[in-house]
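In: A predicted structure for the sequence below; I have some questions about it.
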Amino acid sequence: MLCEVVRSELPALLGRELDGPTTRTMEEHLQVCAGCARARVELEVLEKRLREGLLHAPHTGRQHDVASWLAEHRHRLTPEQAERERLWVADLFGEPCRLPLSRARRRFPGMRALAAGLVLMVVAMANWSALVKASAELPLVGEFVQRLVFTDAGLSWAYEHGYIQKPMADVRAGKVRLKILGAVADPLQTTILYLIDGLPPDPWAVSGVVPAEGFAGWIPPLVITGVNGERVPFWKGQPLVTPLGLVGMVHAEALPSAEAEVTRELRGPAATLEVKLELSRAELSAMSRQYGIEYRHEMEGVLVHEVLVTDTPAQLMVNYMISGGLSPSGIKLEHHVPYLLLPDGSRLNPQHARGRGRQDGSWDMVLAFPRPPDGQVTLVMPVLALNVPVELELAVGNGPFTSSVEGVEFLVEEVVCRDGYLHLSYSWSEGSPGWGLLDWQLVDARGGLLPASSHHTTGSHHDGRVTAGERFELPPGMTITALRATGLQLLVYGNWEIPLR
Amino acid sequence: MTDQEFIAHLARVQRTMTALARAITGNDADGQDALQEAALAAYVARGQLRSPERFAPWFRTILIHKCGETLRRRRQVIPLDAACQRKQEATAESGLIWMLVDQLSPEVAQVVVLPYLADLPQRDIAYVLGIPVGTVKSRLNRALKQLRTMLEEVPAKCYAK
């Protein structure tokens, strides 16, 4: 644990406000770090002095005699004021807050209960099936949100340290409601957790909501703007469909300046929603450090270099470049994921990885790991996937058959058209250097080529073989005779090892 | 609790509560307003206090929330006479501490007084002041650093009891 973090949390530790695991981690650090242990003793002395000193306020000559003031003014309170204050205090201490009854209701107190019962009965009868469904599903909502929070080390840290307590924004228009459940801005990325519910069945009624590829629901766009109006690029995650609505997470690049605004708009005949949120990365930046590492390693034309490490209280993020002999679609990290090798030999997998292609054909990659304990850490990337151009045509209607390209043999189970889609199922040996086909084109009856985007449906492993499935939407009225792959992923075993600290 | 008993309880705690309200709101005028509002609210709700010996923490809770309301209404508008309030003479340890707290900016002074005088945890301080817990932490650390420096600069024996 970083000394700066420990020292910033010392007041909370002495006040016994931290949870068990954090307290244990801090106590362990204090036992081995003389500087922090000394800071704790100094803080204990200072806190004792403050408590004793503040307890007895000195006479200043301007002492306000509130007791005398109250003795004089207590009779000037109107009954309405008195009732409002009494209810305010009752609410403050958690007692049931009762609204004042009208004279008629005071005279017939049973009428209120009877009327409420009748209303409830009518509502329940009208929505019986919805009520049964809601009562079965609602308890899961909290778990959904928590599950999403704890899948992200940044959000999880912020949640445990009290940065996420209640929704940062909660706006409603008509039936559509948007809540920003939490946001964390650190030196390398910004994470925002949101919930949207009440979207109409016709998504185009709210024009700000865009369809997400491969997802039955709708992902709301979100704009993050710096103080000078710069737009911050972001990556949308797949939201979870919960009984209360869509719960999703957005990972964005670091805020362009210490302060920034997040705006969110949904516009349409059904709803117009706008929320503004002020974000700052100043606080987490102060608790983080960033440093570069001299590293260059090339294997079969794939070069990894320019490594930048960002060590925040919650995460360890590694930014690096991959370049050399790549096609524009670039390198993808697939089955052989990179990991952090810890001093005790254990491994830590990344929480998320993302890459951005650059004009020179190289790729700017970011890996984010939950923050490992202090000590030596090495990033290990056993293998990278290189995208090489190929030409492989698979005729529709045939199968099973085998086809090979660049020394990689594929077994094609089926290439068939049904229900307006073209379905492809194929497999290859796990020991093969290939890792799937990509960059597809549809071939029509006259030999014309049409770029096709697929929904990757499977990627299972059985009996030493990897099986993949692709599904392509067919243009209406067009006869497709074949499917053409123009890219092949080849695995490059470079075993890139980068000592990070 | 009778009216006389309530006023007697209030008279016993008013010095500390005045200082608390002033420290949270940052100036005498707002502190006095919050204290009066808290006194009225506590007075009309005195029937809800079951144990009179718990008067001080009960009233302190009401006062802190009234101060929070005052702050939300005012939002960091500091009156011109704020500087004049800092000319206290420190004659004892408590006077010294209060004098040093007064030298802090109002928003920093709030996060020192609330945990050490009102025993509020950081989450509650954040709620009362309407700021994130992280801001409470950073302000508190800044305040403690400033106070430590100021205490080192002032010879403590000059203010011995």
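Out: Thanks, I have the structure now. Numbers count the residues shown, from 1 in each chain, chains lettered A, B, ... in the order given.
In: How about stretch A:298-314, which residues are buried there?
Out: A:302-307, A:309-314 (16 or more other CB atoms under 10 Å in any protein chain shown). All C-beta spots, glycine's among them, are computed from the backbone N, C-alpha and C.
In: nearest to A:Arg281, of these?
Out: A:Thr312 (9.9 Å; CB to CB).
In: what about the residue of chain B found nearest chain A, which helix or strand?
Out: With CB to the nearest CB, the shortest gap between chain B and chain A falls at B:Ile97, namely 2.8 Å. Using DSSP states H and E, B:Ile97 falls within helix B:93-103.
In: pLDDT on that helix, on average?
Out: Helix B:93-103 carries an average pLDDT of 75.
In: Keeping just the C-alphas, turn that helix into PDB.
Out: Provided in PDB are the C-alpha atoms of helix B:93-103 (Å, rounded to 0.1, in the frame of the first residue of the first chain):
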ATOM      1  CA  GLU B  93      -4.800  25.700  25.500                       C
ATOM      2  CA  SER B  94      -8.400  25.700  24.400                       C
ATOM      3  CA  GLY B  95      -8.100  29.300  23.400                       C
ATOM      4  CA  LEU B  96      -5.000  28.500  21.400                       C
ATOM      5  CA  ILE B  97      -6.700  25.700  19.600                       C
ATOM      6  CA  TRP B  98      -9.800  27.700  18.800                       C
ATOM      7  CA  MET B  99      -7.600  30.600  17.600                       C
ATOM      8  CA  LEU B 100      -5.700  28.300  15.300                       C
ATOM      9  CA  VAL B 101      -8.900  26.800  14.000                       C
ATOM     10  CA  ASP B 102     -10.200  30.300  13.300                       C
ATOM     11  CA  GLN B 103      -7.200  31.000  11.200                       C
END
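In: other SSEs contacting that helix?
Out: In this structure, helix B:93-103 packs against helix A:34-55, helix B:106-116, helix B:133-153, with contacts taken as 3 or more CB pairs under 8 Å, 6 or more residues apart in numbering or on different chains; DSSP states H and E.
In: what helix or strand is the closest residue to A:Asn319 other than its chain neighbours on?
Out: Spatially, and ignoring its direct neighbours in sequence, A:Asn319 is nearest to A:Leu308 (4.3 Å; CB to CB, 6 or more residues apart in numbering or on different chains). A:Leu308 is part of strand A:302-311 when elements are defined by DSSP H and E.
In: Sheet partners, orientation included, of that strand?
Out: Paired strands of strand A:302-311, with direction, are strand A:289-299 (antiparallel), strand A:315-323 (antiparallel) (DSSP bridges).
In: Show me what the helix or strand that comes right after the last one is packed against.
Out: From strand A:315-323 onward toward the C-terminus, using DSSP H and E, the following helix or strand is strand A:339-341. Contacts defined by 3+ CB pairs under 8 Å, 6+ apart place strand A:339-341 against strand A:347-348, strand A:378-381.
In: which ones are touching B:Asp3?
Out: Residues near B:Asp3 by CB atoms under 8 Å, 6 or more residues apart in numbering or on different chains: A:71, A:74.
In: Give me the buried positions along the helix or strand bottoming out on mean pLDDT in chain B.
Out: Lowest mean confidence among the helices and strands of chain B (mean pLDDT, DSSP states H and E): helix B:93-103, at a mean of 75. Using 16+ other CB under 10 Å as the test for burial, helix B:93-103 gives B:93-102.
In: just how off-centre is that helix within its chain?
Out: Remark: helix B:93-103 is offset 13 Å from the chain centroid, using CA atoms, centre = their mean, to the nearest Å.
In: Direction-wise, compare that helix with helix B:106-116 and give the angle.
Out: 140 degrees (axes from the mean of the first three to the mean of the last three CA atoms, to 10 degrees).
In: ok, then the element right after the longest helix seen in chain B?
Out: Counting by DSSP state H, the longest helix found in chain B is helix B:3-25. Of the helices and strands lying after helix B:3-25 in sequence (DSSP H and E), the nearest is helix B:28-44.
In: residues in contact with the residue nearest the centre of chain B?
Out: Taking CA atoms, centre = their mean, the centroid of chain B lies closest to B:Leu20, which sits 2.1 Å from it. Neighbouring residues of B:Leu20 by CB under 8 Å, 6+ apart: A:57, B:60, B:63-64, B:67, B:113, B:117-118.
In: In those residues, which residue is surrounded by the most others?
Out: Within those, neighbour counts (other CB atoms under 10 Å in any protein chain shown) peak at B:Cys67, which reaches 29 neighbours.
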